[in-house]
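Colleague: Show me the folded form of this:
(chains A, B, C and D)
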Number of protein chains: 4
Amino acid sequence: DQPLLWICGPCVIESRDHVLMVAERLRRLADELGLPLVFKASFDKANRSSGRSFRGVGLEAGLAALAAVRAATGLPVTTDVHEPYQAAAAAEVCDVLQVPAFLARQTDLLEACGRTGRVVNVKKGQFMAPWEMRQVIAKLADVGNERVLLTERGTTFGYGWLVNDMRGIAWMQQCGAPVIFDATHSVQKPGALGDRSGGDRSMVPLLARAAVAAGCDGLFLETHPDPDQAPSDGPNMLPLDQLPEVIRVCLRLRQVVLESSLQDRNRE
Amino acid sequence: DQPLLWICGPCVIESRDHVLMVAERLRRLADELGLPLVFKASFDKANRSSGRSFRGVGLEAGLAALAAVRAATGLPVTTDVHEPYQAAAAAEVCDVLQVPAFLARQTDLLEACGRTGRVVNVKKGQFMAPWEMRQVIAKLADVGNERVLLTERGTTFGYGWLVNDMRGIAWMQQCGAPVIFDATHSVQKPGALGDRSGGDRSMVPLLARAAVAAGCDGLFLETHPDPDQAPSDGPNMLPLDQLPEVIRVCLRLRQVVLESSLQDRNRE
Amino acid sequence: DQPLLWICGPCVIESRDHVLMVAERLRRLADELGLPLVFKASFDKANRSSGRSFRGVGLEAGLAALAAVRAATGLPVTTDVHEPYQAAAAAEVCDVLQVPAFLARQTDLLEACGRTGRVVNVKKGQFMAPWEMRQVIAKLADVGNERVLLTERGTTFGYGWLVNDMRGIAWMQQCGAPVIFDATHSVQKPGALGDRSGGDRSMVPLLARAAVAAGCDGLFLETHPDPDQAPSDGPNMLPLDQLPEVIRVCLRLRQVVLESSLQDRNRE
Amino acid sequence: DQPLLWICGPCVIESRDHVLMVAERLRRLADELGLPLVFKASFDKANRSSGRSFRGVGLEAGLAALAAVRAATGLPVTTDVHEPYQAAAAAEVCDVLQVPAFLARQTDLLEACGRTGRVVNVKKGQFMAPWEMRQVIAKLADVGNERVLLTERGTTFGYGWLVNDMRGIAWMQQCGAPVIFDATHSVQKPGALGDRSGGDRSMVPLLARAAVAAGCDGLFLETHPDPDQAPSDGPNMLPLDQLPEVIRVCLRLRQVVLESSLQDRNRE
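Modeller: Numbers count the residues shown, from 1 in each chain, chains lettered A, B, ... in the order given. Okay, the predicted model is just below:
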């Protein structure tokens, strides 16, 4: 059996208490459904549309909060890093380091993450074809790291839209790494709200289902108890209380996919 | 229960005997799996990349071949029409009239098809957003036809590529019609072979699975006993002997989708 | 010297008197500036977004109006045809037959136009790469017509947008035909107004200038005395009184391009 | 008069002697044609497709080489920075700091560059709509820097293609900054050569001409004595001996644009 990997959490660390509360609910869900689940939250939103938007609590406080989550819940944790110097510090706390999509081609950042020995999850740049991620894997292999995840989060599609090519899941798997599908950032509408991105969270379940049926290896879902009040990515996050239903249908779809011999062909 | 509708057959009518042979195999498969299946083949490929490619047997011989399929197998049949004058003749034989994607905005053709009273299946133009199909439905309603199917077959994505936005399935359902997913034309690579389109049939099962999980109402799959020898659309047709496996996994995925309350939300 | 060809007129024939009035103004402008100018207007808008929008006066009345324009002004005239049967009738009146972009791949329509012996101006489909127009030229050559113009009017770019790739001018010239740049349809925003297309006419002069500098062989500009009151394509038509200024700057840019040896390289 | 600004040089600093040689040729050209010209070369190619490609001489040696260029030729110089810590060092030598397109949304990098007080030239991300650059200008204004240039270098267009929307020049000017057109990176074909980007330098003159006619405020052109032997971006750089001809035709086009009142409307 190859269970789906789940990477879930709020977009940004709002406070230590807030992430602990969300993480505790996710841990109970993971226990109940038997999910391998990694808790994700960002210490810094380094590429907000506007310089005046909330950025987060910063590296030190953020990593401390993630360490607290790890200690309190036993969940592995991940966060995104934006500059090479952050990689080592983040690796002390995190089981997985995430490289943001805009930075997927920054060699120094990839190498710094790779050198920590942690799993590195690289989001495909919105400006990249899926097969270009082969070079990303090669850059990580060059520093001795072969524990790579690739994440699909949409490709630029004219102005103000992203589109998910579900074939990209197979094309990235053929590059030699498991592929996670980010169902919440995929529904972003870049720049749609003037000084920030819009989104349409009603499409998250549909895209998650489609990606699982296409054969992805895991799901990335940002979730929040009250997305409309969230300081970042509210329009595309999934309300926490809608998460179980989405996960359940995905698990059933996964079972069908695993039972079919067709699924193996993604990697040919 | 809302079973998936299947529209299957070879791209073009090569001969009366050939379509009868393929249709007989499809009928047995439909019987075996309990599928509502419509046999599809074209009497004319009116928009080939090159004017020198095989176009088909023509309107009269083509409709005669489809009538023979209908009589011999009991399967409902469909074909695509390209000019208004063809609609009435095609409607005498066909249960469903198909409007090609390039022609999805041609008002006279839509109206001529609509006036026959037959089900009209309009493929979304590669140049259209899913929600623009609302106007297509309105044009058909204006001539009294509300028996409409919409088909997703990809959207222009730079040069030489199509992409399927799986959200388009829901957006078109919200226009008020069932949505068919055309998994074989979706893998076309327009112009990729110089004077004809290329394609990558290895991606057909993946896209079909994803579309069913996204909640589509039916599948359109062009199939051929020997696609590499087919006179049209060979690179993207599915070999007939691979069809049962694809259908089986789709049926199981459909079952999961129907059992989940999430599926209903596509139409909200 | 290779003067720019100008194809100008209102989008649709509103009435015989209306086109005569507009054509007379265009004739005076052509005389004043020494322009080879073809008068364009449509007898039928066969692919309106909505079936309830104004379509035009029809084939017979439309061709009569164009014949009147030709007689009264001496200007050559052109119109777009949508079905093969219209080609011969249109060719009796028109010097140039235009094939709409959505129909650029319809073999029968191209051949019917080609067989008239008139110049055929084919707009590149929004779903086509520029080099795919080579097959269009071949289809026309197969019926003995080598008097072909190709027109750039934008390529699908995500949802609701068209984009002009100025390199397409050279790529289409390399297919072996002069290339006209349609500066008014290029600023359309498909579906932007719900049941009709939007547009941004403020960008028409910029795109026209860029295309001339890129080396196009002519300009297509829809123009109207009062675009905001026009029954079709108002948002993207150029007010008639702004036309002279746009033409004048284009003529000066053309002169610079012709004086530079770089211009010849477009066709290499 | 508003002369075009020229930003020219080889993609990467190959050696001190090499940049001095190229810069000397550019200085003579600038003198001869009266051009405001900034010399550009990179000390580090931080986002190469492949981690094994040549990256450059590094920060220290690179800035030393640029300082030598400045001293020897009197030309202002610019380079691109990739991490915030590099901004201050680069600003000691460079008159203009360039922010790469992939990094156009990285707030810390923008702010670090802005704080140096130098002119900051931000390339529009391939994943951004032109009007999203308004937020980039706001981020720089927030640290007190209003000396901003924006550069158009193409937008993602399906897989393996970039496209230039010439309207983007006006839309970015309306954000409140002069707009430079990067004619050499615009012809890149991302990932086209497997582990590196391809390109088609034959289209550089066409795009440069179009952009000038569209009203851009300057041109960015990477140039090299022998591009086919260059360690980076060879396929899209312009041979140094073709540069004068391209510049001359652009200067003449600029003159036409400045004489036309239409040009002023770009900024409305």
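Colleague: Up against chain D, what does the stretch 1-150 of chain A have?
Modeller: For the stretch 1-150 of chain A, the residues in contact with chain D (C-beta under 8 Å from any C-beta of the partner chain) are A:46-52, A:55, A:82-84, A:102-103, A:105-108, A:110-111, A:125-129, A:131-132, A:135, A:138-139, A:142. Yep, even glycine has a C-beta here, placed from its N, CA and C like the rest.
Colleague: PyMOL command for the buried members of those residues?
Modeller: Selection of buried members from the residues of the stretch 1-150 of chain A next to chain D for PyMOL, criterion 16 or more other C-beta atoms under 10 Å in any protein chain shown:
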select buried, chain A and resi 46+47+48+49+50+51+55+82+83+84+102+103+105+106+107+108+110+111+125+126+127+128+129+131+132+135+138+139
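Colleague: how about low-confidence regions in chain A?
Modeller: By pLDDT under 70, the low-scoring segments of chain A are A:1, A:262-265, A:268.
Colleague: which residues in it form strands?
Modeller: A:5-9, A:37-40, A:77-80, A:96-99, A:119-123, A:148-152, A:155-156, A:162-163, A:179-182, A:188-189, A:198-199, A:218-224, A:238-239 (DSSP state E).
Colleague: Nearest to residue D:215, out of those?
Modeller: strand A:155-156 (25.1 Å; C-beta to C-beta).
Colleague: residues contacting residue A:50?
Modeller: Residues in contact with residue A:50 (C-beta atoms under 8 Å, 6 or more residues apart in numbering or on different chains) are A:195-196, D:135, D:138-139.
Colleague: Then residue A:79?
Modeller: Counting by C-beta under 8 Å, 6+ apart, residue A:79 has contacts A:40-43, A:62-63, A:66, A:90, A:93-94, A:97-98.
Colleague: Buried by neighbour count, from the residues you listed: which ones?
Modeller: Those of the contacts of residue A:79 that meet the buried threshold are A:40-43, A:62-63, A:66, A:90, A:93-94, A:97-98, by 16+ other C-beta under 10 Å.
Colleague: Just give me how far stretch A:146-154 sits from the chain centre.
Modeller: Here stretch A:146-154 is found 9 Å from its chain centre; the criterion is C-alpha atoms, centre = their mean, to the nearest Å.
Colleague: Equivalent analysis for stretch A:131-147, please.
Modeller: That offset, for stretch A:131-147, works out to 18 Å (C-alpha atoms, centre = their mean).
Colleague: Please apply the same query to stretch A:233-242.
Modeller: The answer for stretch A:233-242 is 14 Å, by C-alpha atoms, centre = their mean.
Colleague: So which bits of that stretch are buried?
Modeller: Buried residues in stretch A:233-242 (16+ other C-beta under 10 Å): A:233-238, A:240, A:242.
Colleague: for the residues you listed, which one is nearest residue B:256?
Modeller: Nearest member of these to residue B:256, counting by C-beta to C-beta, is residue A:242, at 17.8 Å.
Colleague: Looking at the stretch 151-268 of chain A, which residue is nearest chain B?
Modeller: Minimum separation of the stretch 151-268 of chain A from chain B (C-beta to the nearest C-beta) falls at residue A:213, amounting to 3.4 Å.
Colleague: For the contacts of residue A:50, name the two members farthest from one another.
Modeller: Longest span within the contacts of residue A:50, C-beta to C-beta: A:196 and D:139, 13.2 Å.
Colleague: Around chain B, which positions in the stretch 101-250 of chain A sit nearby?
Modeller: Neighbours of chain B within the stretch 101-250 of chain A, by C-beta under 8 Å from any C-beta: A:155, A:157, A:163-167, A:169-170, A:187, A:202-203, A:205-207, A:209-215, A:245-246, A:248-249.
Colleague: buried subset of those residues?
Modeller: A:155, A:157, A:163-167, A:169-170, A:187, A:203, A:205-207, A:209-215, A:246, A:249.
Colleague: Contacting chain C as well, which ones from those residues?
Modeller: Within those, those near chain C by C-beta under 8 Å from any C-beta are A:157, A:163.
Colleague: about what we covered before: so can I have TSV of the buried ones among the contacts of residue A:79 showing distance to residue C:26?
Modeller: As requested, the buried ones among the contacts of residue A:79 are exported to TSV (distance: C-beta to C-beta, whole Å):
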residue	distance to residue C:26
A:40	63
A:41	64
A:42	60
A:43	64
A:62	66
A:63	70
A:66	70
A:90	67
A:93	72
A:94	69
A:97	65
A:98	60
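Colleague: out of these, who's near chain C?
Modeller: Within the buried ones among the contacts of residue A:79, nothing lies near chain C by C-beta under 8 Å from any C-beta.
Colleague: Out of those, name the ones that lie in helices.
Modeller: In this view, the buried ones among the contacts of residue A:79 that belong to helices under DSSP state H are A:62-63, A:66, A:90, A:93.
Colleague: ok now do residue A:246, which residues does it touch?
Modeller: Residue A:246 makes contacts with A:204-205, A:208, A:221, A:238, B:262, as judged by C-beta under 8 Å, 6+ apart.
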